[in-house]
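K.L.:
The amino acid sequence is not available; the structure is as follows:
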């Protein structure tokens, strides 16, 4: 019996997947019509609308279409996607119609898609390949991840890049020195490689990425960006370019191009007319070549102002009170990538006045701050954190910033500076504010020195911020919210948590990040606990009594404010 006769005439306006799902009883006609309208408004596919609305899960939708249309169903996670045929269908067509080529047999081309009812796609593929498409159902979310990874097909990127708008800041001496190396010549100025690197850097900046990873493996080479704290695969260029690309990056980062056996660090600059962006570069020898990680150093992040960092009112007041003191120590703690440097730079910007002498020692200085005397650590030359700090004390400073306290020597000198009329700021790698004090004790710092010098400790994390365009209210079970840390009275208010959905303007429902902070002033009561050799638990208990929120509580406030999701806070705070 024809499908047309089974669908009510009142809903004959439905077509494609919508019609199939209504006929199969997986969607009501009204819901299908609403989703069709939503897809048209958002200029997305009907399948995308079904998934984003939560009407069906990707696996449920794929199974329903497979049964209804009698088409095979394939799990993309179960196959080696690196071995799929390339260049049979242009990436432009694959992205436009959201499909992936799975294989070719004779004159038949096997196509994986979440919507096998698209007749326009069939005709386009027939015309472009002179082959007959055979549909295979795949899950929408897995398909989109693969299309995203393939979005910049390596050959297409290398062949069609437009150059000339950008310029690397490379001195003639660097290029001349490189040319003397046995390794170099054509590798340094290979035009497609230069344009490919430029495109990756520009794309990373446009996508708000913080880091680029160039990773060589045995059979493939991939490029990943860290966007909003998450690594995302961007493209897989030909493996043949890995050495040329690494050499090019090392040249413009002023590294030793001939040395491939040890890690190296450097910096480079990309100029856009009158503008310039700095990058910090690190190379690491791996089994199959040098892995290169490039961090984008955004000077504007240091000038955001304290309002943009996400401190709650009481936390901001505590921090401003501490940095306004004439002497003492302020410590910012958290794991790598938690925004400690931006927080310190923001404080320095607030304090940076013509009448104030500020000196910083960093490894390396990430952002140039006019009016601040910045020093880079150079262990080979003997310029350690401790050596720079000793020198600072003879330079009549008012404020000193130490990139990181790593050992007892640095900690001792920093504390002495804090006790002799200087405001000292630094970072430590600890989980939260109370454990920072026990970390200093474990380093060998005397308890009375800690109690007398430390003014305030801020622990922080970065959580992904919900996209305002697509976030939707979430219905979490009451028990789950209580278990996460909400008090019973918190759940009685007139508010709703939100969940991530995902749209064309964001990254899986998130866009940007928001800070979670534990701002703990060192009060007399906490000083007494330190002097009595109390534990981090004792300090944490006292801090709670004094109204200091821990990281989880700070995260739950952001959930209540609709800034992030409960899942994200649980993942980031891990308590």
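P.N.:
In hand now; what should we look at? All figures in this text were calculated on a predicted structure; none of them were measured in a lab. Numbering: from 1, shown residues only.
K.L.:
residues touching residue 268, list them.
P.N.:
168, 169, 249, 252, 253, 254, 278, 279, 281, 294 (Cβ atoms under 8 Å, 6 or more residues apart in numbering). C-betas here are computed from N, CA, C, even on glycine.
K.L.:
can you do 6 Å?
P.N.:
252, 253, 279, 281 (Cβ atoms under 6 Å, 6 or more residues apart in numbering).
K.L.:
Among the residues you listed, which are located in strands?
P.N.:
279, 281 (DSSP state E).
K.L.:
By neighbour count, sort out the buried ones in the contacts of residue 268.
P.N.:
Burial of the contacts of residue 268 was assessed by neighbour count (16 or more other Cβ atoms under 10 Å); the buried members are 252, 253, 279, 281.
K.L.:
Next one: the residue nearest the centre of the chain from residue 211, what distance?
P.N.:
By Cα atoms, centre = their mean, the chain has its centre lying nearest to residue 229, at 2.2 Å. Between residue 229 and residue 211 the computed distance is 10 Å (Cβ to Cβ, to the nearest Å).
K.L.:
ok, now residue 495?
P.N.:
In terms of Cβ to Cβ, residue 495 sits 35 Å off from residue 211.
K.L.:
For the protein, name the helix or strand with the lowest mean pLDDT.
P.N.:
helix 3-6 (a mean of 40; mean pLDDT, DSSP states H and E).
K.L.:
what's the following helix or strand after that helix?
P.N.:
Where DSSP states H and E defines the elements, the next helix or strand beyond helix 3-6 is helix 16-23.
K.L.:
Reformat the buried ones among the contacts of residue 268 as JSON lines; add distance to residue 75.
P.N.:
Converted to JSON lines, the buried ones among the contacts of residue 268 look like this (distance: Cβ to Cβ, whole Å):
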{"residue": "252", "distance to residue 75": "43"}
{"residue": "253", "distance to residue 75": "42"}
{"residue": "279", "distance to residue 75": "39"}
{"residue": "281", "distance to residue 75": "39"}
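K.L.:
and which of the residues you listed is nearest to residue 477?
P.N.:
Residue 477 lies nearest to residue 279 out of these, by Cβ to Cβ, at 45.4 Å.
K.L.:
can you pull out the strands in the stretch 1-150 of the chain?
P.N.:
Counting by DSSP state E, counting those that start in this stretch, the stretch 1-150 of the chain has strands at residues 73-74, 99-105, 108-113, 132-138.
K.L.:
Now that we have these, can you turn them into CSV and tack on distance to residue 551 and mean neighbour count?
P.N.:
Output for the strands of the stretch 1-150 of the chain, formatted as CSV (distance: least, Cβ to Cβ, whole Å; neighbours: other Cβ atoms under 10 Å):
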stretch, distance to residue 551, mean neighbour count
strand 73-74, 42, 16
strand 99-105, 41, 18
strand 108-113, 42, 20
strand 132-138, 39, 20
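K.L.:
Output those strands in JSON lines; the columns should cover mean pLDDT and distance to residue 458.
P.N.:
JSON lines is the format used below for the strands of the stretch 1-150 of the chain (pLDDT from 0 to 100; distance: least, Cβ to Cβ, whole Å):
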{"stretch": "strand 73-74", "mean pLDDT": "90", "distance to residue 458": "50"}
{"stretch": "strand 99-105", "mean pLDDT": "86", "distance to residue 458": "47"}
{"stretch": "strand 108-113", "mean pLDDT": "89", "distance to residue 458": "49"}
{"stretch": "strand 132-138", "mean pLDDT": "90", "distance to residue 458": "46"}
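K.L.:
quick one, which of these is nearest to residue 383?
P.N.:
strand 99-105 (53.1 Å).
K.L.:
For that closest one, which strands pair with it and how are they oriented?
P.N.:
In the sheet, strand 99-105 lines up against strand 108-113 (antiparallel) (DSSP bridges).
K.L.:
Show me the shaky parts of the stretch 51-200 of the chain.
P.N.:
82, 86-87, 149-190 (pLDDT under 70).
K.L.:
and with 80 instead?
P.N.:
80-88, 90-92, 128, 147-191 (pLDDT under 80).
K.L.:
Wait, residue 511 touches residue 467, no?
P.N.:
Yes. Residue 511 lies in contact with residue 467 (Cβ atoms under 6 Å); the separation is 4.3 Å.
K.L.:
Between the two, which contacts overlap?
P.N.:
Here residue 511 and residue 467 share no contacting residue, scored by Cβ under 6 Å, 6+ apart.
K.L.:
Could you save the buried ones among the contacts of residue 268 as CSV and add columns showing distance to residue 19 and pLDDT?
P.N.:
Shown next, in CSV, are these (distance: Cβ to Cβ, whole Å; pLDDT from 0 to 100):
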residue, distance to residue 19, pLDDT
252, 56, 89
253, 57, 89
279, 51, 89
281, 54, 93
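K.L.:
mind showing which ranges of the stretch 251-400 of the chain have poor pLDDT?
P.N.:
Ranges of the stretch 251-400 of the chain meeting pLDDT under 80: 270-276, 298-308, 337, 364, 366-367, 379-380.
K.L.:
Now do the helices in it.
P.N.:
313-323, 340-351, 385-392 (DSSP state H, counting those that start in this stretch).
K.L.:
now what about the first one, what contacts it?
P.N.:
Here helix 313-323 makes contact (Cβ under 6 Å, 6+ apart) with 330, 347, 455, 456, 517, 519, 521.
K.L.:
Give me the buried positions along that helix.
P.N.:
For helix 313-323, by 16+ other Cβ under 10 Å, it's 315, 316, 318, 319, 322, 323.
K.L.:
for the second one, same thing?
P.N.:
Using 16+ other Cβ under 10 Å as the test for burial, helix 340-351 gives 340, 341, 342, 343, 344, 345, 346, 347, 348, 349, 351.
K.L.:
Tell me how many other residues crowd the nearest residue to residue 375 once chain neighbours are set aside.
P.N.:
Distances taken as Cβ to Cβ, 6 or more residues apart in numbering place residue 361 nearest to residue 375, at 4.7 Å, with adjacent residues excluded. Residue 361 has 26 neighbours, counted by other Cβ atoms under 10 Å.
K.L.:
Please name the residues that touch residue 361.
P.N.:
Here residue 361 is in contact with 375, 385, 388, 402 (criterion: Cβ under 6 Å, 6+ apart).
K.L.:
switch the cut-off to 10 Å
P.N.:
The neighbours of residue 361, taking Cβ atoms under 10 Å, 6 or more residues apart in numbering as the test, are 373-377, 383-389, 391-392, 400-404, 410, 426.
K.L.:
Brilliant, that's me finished.
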